[in-house]
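>>> below is the sequence, then the predicted model.
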Amino acid sequence: MELKEKITLEDINGKRFKIRLVEPESPKKAAFTHYLHNHKNGVSKFYKSDAIEYVKDILNRKNPEEEITSKVAEEALQYYLFDFKNNVPFPEPKKPKFKFIDLFAGIGGFRLALQNLGGKCVFTSEWDKYSKLTYEANFGEIPFGDITKEETKSYIPDNFDVLCAGFPCQAFSIAGKKGGFEDTRGTLFFDVAEIIKRKRPKAIFLENVKGLRSHDKGKTLATILNVLRNELDYFVPEPEVINAKNYGVPQNRERIFIVGFRKDLGVTNFNYPKPTDKTKVLEDILEPEEVSVKYYLSNTYVNTLRAHRARHESKGNGFGYEIISNDGTANAVVCGGMGRERNLILDDKLTNFTPVTHIRGEVNREGIRKMTPREWARLQGFPNKFKIVVSDAQAYKQFGNSVAVPAIQSTAKQILKALL
C-alpha cells in the first residue's frame, strides 16, 4: 500500500494538524518516543508494539479512506527512525557507558546528571502534565505516566544498571508490625521497591527530603532500609544528607541520599562525595541585565510582608520574608508558600516601573524583587540552554520540586566508581 503523503515527525507531534490522537495519560505516544530513543540498544522491543499502534493511529487519521494495517504502520515507523535526530538541548550520549531509569522524573534533574556521566536513560515516568512538557522539550522524550499503575510498570525494560527515584515521602502504617515490604503498601516507596524486586538493577539511587530521617520518629527510614537491605538483598550504606551549596550552586538545600548495590556484585564499601565547590554566591547566578518589572514587588506587598514578619517576631517566631545579599547563599527553593518570598533580592537595574500585571499599589523603588525562573534553574544547577516552556508559576513549581543537578551528579559519579 502506498500512503498518499509522507508523514513527518512534525505530524506525529501534532504540530501541523493540531490534533490530539490520544489522551494525555495514554502510553502510546510515550512508547513511540521511547522506541525512537532506544532503537539502537535492544530496549526498543519493550516499546515497539505501542509505537506501531501510535503510528497506525496517525496514519488512520491522515488516510481515513485507506485500511492501515500494522505492517504498513511498522514500515512507516522505520521511516521515522531514519529521519529521527536528537535535535534537543540534551541528547543522549553517542556511546553510552551504562543504562538507567528515571522514576518520579520531574523535569529531568537525575537524567541530566547521569547523562553528563555517560548514561543512557531507557525508561522514564512522571505524572505531572506540565513537567512532561518541560521534559519533552529538553530531552525529546515523553515520560510514561503514573508509576503506581501496573500498565506503566509493564513498560520498564530489563537489564538496566541504575534505578533513580526522587520519590515523595509518605507515612507507613507500621505500628505494631515489623516494618517490612508489605507494610509499605499504599506508599510510593512500595512501587519503587516492587520495581527493584522485579528488575534487580545493579545499583539504586534514591533522593528525599532531609526530614525523612526523623519522619515518624525515624520509623519510616528504618522501614525503607530494612526493605532494601534485608528483603531486597542490597548493600545499603548509611544514608547521607547532602547540601547542594557544597557542589557549585549558591543554595542551602539539604537532601537525604540513599544508595544501594546488589549484593552479588561484591560492593562492600561506598564513599559519598566530598564537597567540590563551596565558593559560589548568589551574584554568580543572577541575571546581569534588567529583568521584567513583573518580578518586582509592589509597595503594598512589601508592606504586607514586613507587617507579617513583625507579627511573627512579636510572638518569638522567625517566619517571614528574607532578602538575600548578593554575596550570600539562597534558602532552599520550594514550590508554594513562602518559597519566593524567602529568596528576595535587591536589584536596582529597573528603569521602567510601569506594571505589566495587576498589582495593588505602585512598584517599589527599593529594588526588591523575586528571582526569575531562570535564576531558580541556575540555583538547581540547570544550564542556561535548559528550556523553560511553561508559565512562571509552573516553572517555579518545577524547579522547586527538582533535585540539585550537581549534587546528584557528584553522588552518581561515586556510584559508578563503586560499580566499576
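Noted; the coordinates are in hand. Numbers count the residues shown, from 1 in each chain.

>>> CA only for contacts and neighbour counts going forward, please
Fine.

>>> in the chain, which residue is most central in space?
By Cα atoms, centre = their mean, the chain has its centre lying nearest to Gly106, at 2.8 Å.

>>> which helices and strands does the top strand by length along the chain pack with?
Secondary structure of the chain per DSSP state E: the longest strand is strand 254-262. Contact analysis of strand 254-262 by 3 or more Cα pairs under 8 Å, 6 or more residues apart in numbering; DSSP states H and E lists strand 203-209, strand 234-235, strand 240-243 as its packing neighbours.

>>> chain center to that strand, what's the gap?
17 Å (Cα atoms, centre = their mean, to the nearest Å).

>>> right, and the helix or strand after that strand?
As assigned by DSSP states H and E, the chain's next helix or strand after strand 254-262 is helix 299-314.

>>> how about that following helix: buried residues?
For helix 299-314, the neighbour count (16 or more other Cα atoms under 10 Å) marks Asn299, Tyr301, Val302, Leu305, Arg309, Ala310 as buried.

>>> tell me how far the residue nearest to the centre of the chain lies from Ala395.
Here Gly106 is placed at a distance of 11 Å from Ala395 (Cα to Cα, to the nearest Å).

>>> check Gln115 too.
Computed with Cα to Cα, the distance linking Gln115 and Ala395 is 22 Å.

>>> helices of the stretch 301-420 of the chain, start to end?
373-379, 392-401, 405-419 (DSSP state H, counting those that start in this stretch).

>>> of all those helices, which one is nearest Phe261?
helix 405-419 (8.1 Å; Cα to Cα).

>>> the nearest residue to Val192 once chain neighbours are set aside: how many residues sit nearby?
Spatial nearest neighbour of Val192, chain neighbours left out: Ala165 (7.6 Å); criterion: Cα to Cα, 6 or more residues apart in numbering. For Ala165, the count of nearby residues is 22 (other Cα atoms under 10 Å).

>>> quick check, pLDDT for Ala165.
On pLDDT, Ala165 comes in at 97.

>>> contacting residues around it?
By Cα atoms under 8 Å, 6 or more residues apart in numbering, the contact list for Ala165 reads Asp102, Leu103, Phe104, Ala105, Val192, Phe205, Leu206, Glu207.

>>> the third one: neighbouring residues, count only.
What that stands for is Phe104. For Phe104, the count of nearby residues is 23 (other Cα under 10 Å).

>>> my guess is it meets Gly166, correct?
Yes: applying Cα atoms under 8 Å, one finds Phe104 in contact with Gly166, separated by 5.9 Å.

>>> ok, now how distant is Lys217 from Ile324?
33 Å.

>>> and if you look at Val334?
Distance of Val334 to Ile324, computed by Cα to Cα: 16 Å.

>>> over to Leu305?
Between Leu305 and Ile324 the distance is 15 Å, computed by Cα to Cα.

>>> excluding residues flanking it in the chain, which one is nearest Phe32?
Spatially, and ignoring its direct neighbours in sequence, Phe32 is nearest to Ala51 (4.1 Å; Cα to Cα, 6+ apart).
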